[in-house]
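Peer 1: Below: sequence and its predicted model.
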Protein chains: 2
Amino acid sequence: MIRLLLADDQALVRGALAALLDLEPDLSVVAQVGRGDEVVDAARDARADVALLDVEMPGMDGIAATAALTGQVPGCRSLIVTTFGRPGYLRRALDAGASGFVVKDTPAEQLADAVRRVHQGLRVVDPELAVATLAVGESPLTEREREVLTLAERGGTVAQIARDAYLSEGTVRNYLSAAIGKTGARTRAEAVRLARENGWL
Amino acid sequence: MIRLLLADDQALVRGALAALLDLEPDLSVVAQVGRGDEVVDAARDARADVALLDVEMPGMDGIAATAALTGQVPGCRSLIVTTFGRPGYLRRALDAGASGFVVKDTPAEQLADAVRRVHQGLRVVDPELAVATLAVGESPLTEREREVLTLAERGGTVAQIARDAYLSEGTVRNYLSAAIGKTGARTRAEAVRLARENGWL
DNA sequence: GGCCCGGCATGACAACTGTCACGTCCTTGC
DNA sequence: GCAAGGACGTGACAGTTGTCATGCCGGGCC
C-alpha cells in the first residue's frame, strides 16, 4: 500500500484528488495540507511514501517544499502536480529533488500510474514540457533583476518600485532595462509577462 | 438520482471531481467535457440535471456556456465552480442564469450539498463573494475601454495596441487614460491588474 | 595582482505615456 | 428635434520610461 500526502491550496481540488486516488486499491491518502510550510511535518507524521505537491501555495511554494522534503524526510518522494507547465518550474523542481512533474491537464487515469512509478524510484516528466524546458534554458536574470521585475508586476511606477526595493530610481531603471533586454521584450510589462510564462519569477 | 455534467479544461481536475461526486449515492456524472462550446450538446445528449462549469475554458467560457444552457436546455441548471472568486464573474454568471457559484477553495464535503441545492432550485452563492460583489459594483468600463485594456495586457506599446485594435494612437491613449481613471489606477499596468482582479475583462 | 562580474549609482537624452481641451460622427431616448 | 453619451479623432504638454555612458565598490578566480 502506497501512502500519499496531498498538498494543494484549493480544498476542493485536494479533496477531489483524494477521492480519485483512494479508488485505487494500492493507494491510500494519509494526509492532506493546504499550505507549503505544513508539508514536512505532515509527511513525517503520516509516514508518507509519495507527496503530491502543487507549486502555487501559501506559506511556501511546492518547489521549496520539495527541497525541504528531500532533505528532511528521505523516505518520501515528491511528485509535482501543477496547473502551469512553466519551463522554469520543471527545472527548479528537478534541481530541488522532485521525482516527477505532471500538469493538471493530463488525463486522470494517468495520475495513479505516475504515482506508482515515482514510488518505484522512476522519474516521471511530461515529455512536451521537458522539450520546452531545454528550449527555454535557464533564467538569464540576476537575483536583483528578478526582484525588481517581481515588484514591477503590481504595475507601479519606477519611483514606487525604488521605494519598495530600497534602491535609487536610476538603479531600478537600469535593472528593468537589463531585464527587458534579456527577455527580448520591448516594454517592462512585456518583460514581466515573458518572465512569468517561463517560470523565471 | 441527479445526473451531472462536468466542464473543466484541466482533465485531472475534471476526473478527480467525477470521482468525488460519484461517491455520493444520489449523484451520477453522466458527461464530461473540456471545452465550453461542447457543453450544450453534451448536456442535451446526456440529459444532465446539473452542469458544473469552470469559468476559464477554451472555446467558450463558462459564463457564456451558462447563458447557452439556460436558453437551449431548460431542464439543466448551472453551477459555476471556479478558481477565481472575482466579483465580476459572479455578477455575470447570475445574469446569465447560473443557479450557483462556488470557488475551488471551499471544502470538498460541501460540493455535493451545493449540487443538491441547485438541483432543488435553490441558489447557492459564496456569501463572502456576494459581499465583495456588492462592494465592487458593476464594471465601469465601456466596451472599447475593455477591449483596449485586454490588448494592453500583453505589454505592447500604444502603437501596437492601436494596430491591433485598428484605432489611432491618440484614441488608444484616450481609452487607456479613461480606464486608468475609472479603475483608480495610476499606470496602465495597474489598471489592467485591477480590472482583471475585479473580473471586468 | 589583475580581470571579470554583479550590485549600486548618477546624469543626460530620445522616446513614450498620460492628460486635457476640443471637435466630429452616430445612436438612443424623451 | 434635440440632448446625452459613446466611439473616434487631433494636437499639445508635462511627466515617465528606456537606453547609454560612466563611475565606484566588493568578491571570485587564475
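Peer 2: In hand now; what should we look at? Because the structure is a prediction, the values reported are computed rather than measured.
Peer 1: What are the neighbouring residues in contact with the spatially most central residue of chain A?
Peer 2: For chain A, the residue nearest the mean C-alpha position is A:Val55 (3.2 Å; C-alpha atoms, centre = their mean). Residues near A:Val55 by C-beta atoms under 8 Å, 6 or more residues apart in numbering or on different chains: A:61-63, A:80, A:82-84, A:89, A:93. (Glycine included, C-beta is placed from N, CA and C.)
Peer 1: quick one: secondary structure of it?
Peer 2: coil (DSSP: H, G, I helix; E, B strand; the rest coil).
Peer 1: For it, give its distance to B:Ala135.
Peer 2: 31 Å (C-beta to C-beta, to the nearest Å).
Peer 1: Just give me the neighbour total for the residue in chain A positioned nearest to DNA strand C.
Peer 2: Distances between chain A and DNA strand C by C-beta to the nearest atom of the strand are smallest at A:Gly170, namely 2.2 Å. By other C-beta atoms under 10 Å in any protein chain shown, 10 other residues sit near A:Gly170.
Peer 1: Any part of the helix or strand containing it near chain B?
Peer 2: Under the criterion of DSSP states H and E, A:Gly170 resides in helix A:169-183. No. Using C-beta under 8 Å from any C-beta of the partner chain, helix A:169-183 never reaches chain B; the gap is at least 10.1 Å.
Peer 1: show me what contacts A:Glu197?
Peer 2: A:Arg86.
Peer 1: which residues in chain A form strands?
Peer 2: A:2-7, A:27-33, A:50-53, A:77-82, A:100-103, A:124-125 (DSSP state E).
Peer 1: ok, and what's touching the third one?
Peer 2: If I follow you right, that is strand A:50-53. A:2-8, A:17, A:36, A:39, A:43, A:62, A:65-66, A:69, A:76-81, A:98, A:115, A:118-119.
Peer 1: ok, which of the residues you listed also contact chain B?
Peer 2: Near chain B, by the rule C-beta under 8 Å from any C-beta, you find A:17, A:81 out of those.
Peer 1: okay, A:Glu143: pLDDT?
Peer 2: pLDDT, A:Glu143: 87.
Peer 1: burial of it, as a residue count?
Peer 2: 8.
Peer 1: A:Asp37 and A:Gly59: what is the separation?
Peer 2: Distance from A:Asp37 to A:Gly59, by C-beta to C-beta: 4 Å.
Peer 1: just to revisit the earlier point, which helices and strands sit right next to the helix holding A:Gly170?
Peer 2: Packing partners of helix A:169-183 (3 or more C-beta pairs under 8 Å, 6 or more residues apart in numbering or on different chains; DSSP states H and E): helix A:143-152, helix A:158-165, helix A:188-197.
Peer 1: quick one, it and helix A:143-152 angle?
Peer 2: Angle between the axes of helix A:169-183 and helix A:143-152 is 100 degrees (criterion: axes from the mean of the first three to the mean of the last three C-alpha atoms, to 10 degrees).
Peer 1: Buried residues, helix A:169-183. List them.
Peer 2: For helix A:169-183, the neighbour count (16 or more other C-beta atoms under 10 Å in any protein chain shown) marks A:172-173, A:175-176, A:178-180, A:182-183 as buried.
Peer 1: now it: mean pLDDT?
Peer 2: 91.
Peer 1: ok, now stretch A:116-126?
Peer 2: Mean predicted lDDT for stretch A:116-126 stands at 95.
Peer 1: That one: end-to-end distance?
Peer 2: 15 Å (C-alpha to C-alpha, to the nearest Å).
Peer 1: mind listing what's buried in it?
Peer 2: Per 16+ other C-beta under 10 Å, stretch A:116-126 contains these buried residues: A:116-119, A:124-126.
Peer 1: Point out the residues in chain A that sit beside DNA strand D.
Peer 2: Taking C-beta under 7 Å from any atom of the strand, the part of chain A that reaches DNA strand D is made up of A:157-159, A:170, A:173-174, A:176-177, A:180-181, A:186-188.
Peer 1: Relative to its centre, which residue of chain A is most distant?
Peer 2: Greatest distance from the centre of chain A, by C-alpha atoms, centre = their mean, belongs to A:Gly170 (32.6 Å).
Peer 1: List the buried residues in the helix or strand of chain A with the lowest mean pLDDT.
Peer 2: Least confident helix or strand of chain A, by mean pLDDT, DSSP states H and E, is helix A:127-136 with a mean of 89. Within helix A:127-136, the residues that count as buried by 16+ other C-beta under 10 Å are A:129, A:133, A:136.
Peer 1: do stretch A:25-36 as well
Peer 2: Neighbour count says stretch A:25-36 has A:27, A:29-34, A:36 buried, by 16+ other C-beta under 10 Å.
Peer 1: can I see the domain layout of chain A?
Peer 2: A:2-136, A:143-197 (automatic domain parsing).
Peer 1: Do any residues in the least confident helix or strand of chain A lie close to chain B?
Peer 2: No. Using C-beta under 8 Å from any C-beta, helix A:127-136 stays clear of chain B, coming no nearer than 14.4 Å.
Peer 1: Quick check: residues of chain A near DNA strand C?
Peer 2: Counting by C-beta under 7 Å from any atom of the strand, chain A sits next to DNA strand C at A:142-145, A:167-171, A:173-174, A:187.
Peer 1: now the end-to-end length of stretch A:100-111.
Peer 2: 11 Å.
Peer 1: I'd like to know the average pLDDT value across it.
Peer 2: Mean predicted lDDT for stretch A:100-111 stands at 94.
Peer 1: try stretch A:13-27
Peer 2: 96.
Peer 1: mind saving the C-alpha coords of it as CSV?
Peer 2: C-alpha atoms of stretch A:13-27 as CSV (Å, rounded to 0.1, in the frame of the first residue of the first chain):
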residue,chain,number,x,y,z
VAL,A,13,-9.3,20.0,-5.8
ARG,A,14,-7.4,18.4,-2.9
GLY,A,15,-10.5,16.6,-1.8
ALA,A,16,-11.3,15.5,-5.3
LEU,A,17,-7.8,14.2,-5.9
ALA,A,18,-8.1,12.3,-2.7
ALA,A,19,-11.3,10.7,-3.9
LEU,A,20,-9.7,9.8,-7.2
LEU,A,21,-6.6,8.2,-5.7
ASP,A,22,-8.4,6.4,-3.0
LEU,A,23,-10.3,4.5,-5.6
GLU,A,24,-7.0,2.6,-6.4
PRO,A,25,-6.6,-0.5,-4.3
ASP,A,26,-2.9,0.0,-3.8
LEU,A,27,-3.0,3.7,-2.9
